[in-house]
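Novice: Coordinates for the following, if possible.
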Amino acid sequence: MGFFEVSFAARRRARIRAELPTVTGRVLLEMDALADSLPDPAGMGPDEMAGSMAAVSRLRNRLDAYLVHIAGAADASGASQTLRAGTTGTLVAAATGSTPQAGSAIVKLARELRGLPEVDAAFTAGDISSMHAAVIAENAQAIPNFRSIEHTTAQVAAEVDPVSVRHILQTIADAHNPAKPDLDTAEQRARRSLRLSARPSGMWRISGLLTDIDGAALADVLASFTAEPDPDSSPEQRRADALADVASAAAANTRPLGVSGVSVLVDIDNMPDSAVLADGTRLSAAHYELLSCAAVCTVIFGRRAGSSFVPLALARTARRASAAQWAALIARDRGCIRCGRTPRFCHAHHIIGWAAGGLTDLENLALLCSRCHHDLHHGRYTIAMDPDGLPKITPTTRAPPIPTAA
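Specialist: As a prediction, this is how the structure comes out:
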């Protein structure tokens, strides 16, 4: 194939496809022939264009459903072994010219639809698309007694787009099993998940849940990799670019799970004789001075709490609150200090603004929800720390939002 380099796996799928039988049902051959008789879009009026797009979309849904049913039957009968294609996903990928991930996704959907008869019926009738069916199948397992709302879900899916269906089902799932902001570490780790699924378009969909610390860490990393705003890209596109950059940086790191630099922990209550390495090794003043000048060195300011080191004071080394600071803020403020809204809706606000030289220290941070944060920056109230180190607000010129536990 000259200069075109094709992977071994792709060549194997091409070989399997070339060796597959070409037996086809008469009706499919007739439908293929009828496709040559479709009217020329250039000769259509606006009404016919709109009607034809709707009709083609419905027909495409029905054909997609039929493909899924064929894949399900092949999976149940072990056709891939008979045809020496390996897995059913590989057979589907070879027969359709798609990726193994897309083939496996089709087989997975076929298996899931066996337990969702009404969704399957709507898919078969062309009322919903394969994306609708996949979204419903993915989220149904998180909703207790989903069968009681399956018919309604299929009806709603026929009227709205797949993203809206996902949001609706995720809201229902959260109502049955709310993700409380105070989930302990074990519960959060039990709920963590990450799904990567290849779409028929060739793109990939990412969804899942991260623990509070991992989520905050990822958000901080993406923020540091996100490019400056520009009119040609949306925030979502810039985050996608940032994630790709993070993956590239990780791949380029020869020790992605090890230590690529040196972290020096400094107890601000006992400076300058308190510097230690992350493993507890104490540093001399001269050694600390030498290391702190190194580009690979991260100096972390904090306080000793028993045998632990808590990085509560980042000074000007970082603008965002760290995971440890966030946990301390939740323990101290419990939520928005003005209206009481739960921490997951709050920001870590600098009482003395970062731009004005404020430090990223616990003594200069307070939890505020989005609206109360907005009110503060519009001068409707002020915040100051009292002698006990707790944030206090002045009387307001605008009533705070109604406290909520949502």
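Novice: and Ile352, that one's in a helix?
Specialist: No - under DSSP: H, G, I helix; E, B strand; the rest coil, Ile352 falls outside any helix and is assigned coil.
Novice: can you count the residues close to it?
Specialist: By other C-beta atoms under 10 Å, 15 other residues sit near Ile352. Bear in mind the C-beta positions are built from the backbone N, C-alpha and C, glycine included.
Novice: Thought Asn364 was touching it, still the case?
Specialist: Yes - under the criterion of C-beta atoms under 8 Å, Ile352 makes contact with Asn364 at 5.6 Å.
Novice: which neighbours do those two share?
Specialist: Gly358 (C-beta atoms under 8 Å, 6 or more residues apart in numbering).
Novice: tell me the secondary structure for Leu368?
Specialist: With three-state DSSP as the basis, Leu368 sits in strand.
Novice: residues touching the residue lying closest to it once chain neighbours are set aside, list them.
Specialist: Nearest residue to Leu368 in three dimensions, chain neighbours excluded: His349, at 4.6 Å (C-beta to C-beta, 6 or more residues apart in numbering). Counting by C-beta under 8 Å, 6+ apart, His349 touches Leu365, Ala366, Leu367, Leu368, His373, Leu376, Ile383.
Novice: Got a PyMOL select line for the buried ones in those?
Specialist: In PyMOL, this line selects whichever of those come out buried by 16 or more other C-beta atoms under 10 Å:
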select buried, resi 365+366+367+368+373+376+383
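Novice: Between the contacts of His349, which sits nearest Val56?
Specialist: Of all the contacts of His349, His373 has the smallest distance to Val56: 48.3 Å, by C-beta to C-beta.
Novice: Could I get the CA-only coordinates of the helix or strand containing that closest one as CSV?
Specialist: Element membership for His373 (DSSP states H and E) is helix 370-377. The C-alpha coordinates for helix 370-377 follow below in CSV (Å, rounded to 0.1, in the frame of the first residue of the first chain):
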residue,chain,number,x,y,z
SER,A,370,-22.4,31.9,43.0
ARG,A,371,-25.1,34.5,43.8
CYS,A,372,-23.7,35.6,47.1
HIS,A,373,-20.3,35.9,45.4
HIS,A,374,-21.8,38.0,42.7
ASP,A,375,-23.5,40.3,45.3
LEU,A,376,-20.2,40.7,47.2
HIS,A,377,-18.4,41.9,44.1
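Novice: So which elements touch the next helix or strand after it?
Specialist: Moving toward the C-terminus from helix 370-377, the next helix or strand (DSSP H and E) is strand 383-385. Contact here means 3 or more C-beta pairs under 8 Å, 6 or more residues apart in numbering; DSSP states H and E; on that basis strand 383-385 packs against strand 391-393.
Novice: how is this protein carved up into domains?
Specialist: 8-36+46-176, 209-253, 262-310, 323-393 (automatic domain parsing).
Novice: closest to Gly202 out of these?
Specialist: domain 8-36+46-176 (7.5 Å).
Novice: Quick one: end-to-end length of the closest one, please.
Specialist: 47 Å (C-alpha to C-alpha, to the nearest Å).
Novice: try stretch 369-389
Specialist: Distance between the boundary residues of stretch 369-389 (C-alpha to C-alpha) amounts to 20 Å.
Novice: Could you give me the buried positions within it?
Specialist: Cys369, Arg371, Cys372, His373, Asp375, Leu376, Arg380, Tyr381, Ile383.
Novice: just stretch 114-128 next, same as before
Specialist: Those would be Leu116, Glu118, Val119, Asp120, Ala122, Phe123, Thr124, Gly126, Asp127, Ile128, for stretch 114-128 by 16+ other C-beta under 10 Å.
Novice: and the closest residue to the fifth one other than its chain neighbours, what helix or strand is that in?
Specialist: Nearest-residue entry for Ala122: Ala154, 4.1 Å, with adjacent residues in sequence omitted and distances by C-beta to C-beta, 6+ apart. According to DSSP H and E, Ala154 maps onto helix 147-157.
Novice: List the buried residues for stretch 210-221?
Specialist: Those would be Leu210, Thr211, Asp212, Ala216, Asp220, for stretch 210-221 by 16+ other C-beta under 10 Å.
Novice: Quick one: mean pLDDT over that stretch.
Specialist: Averaging pLDDT along stretch 210-221 gives 76.
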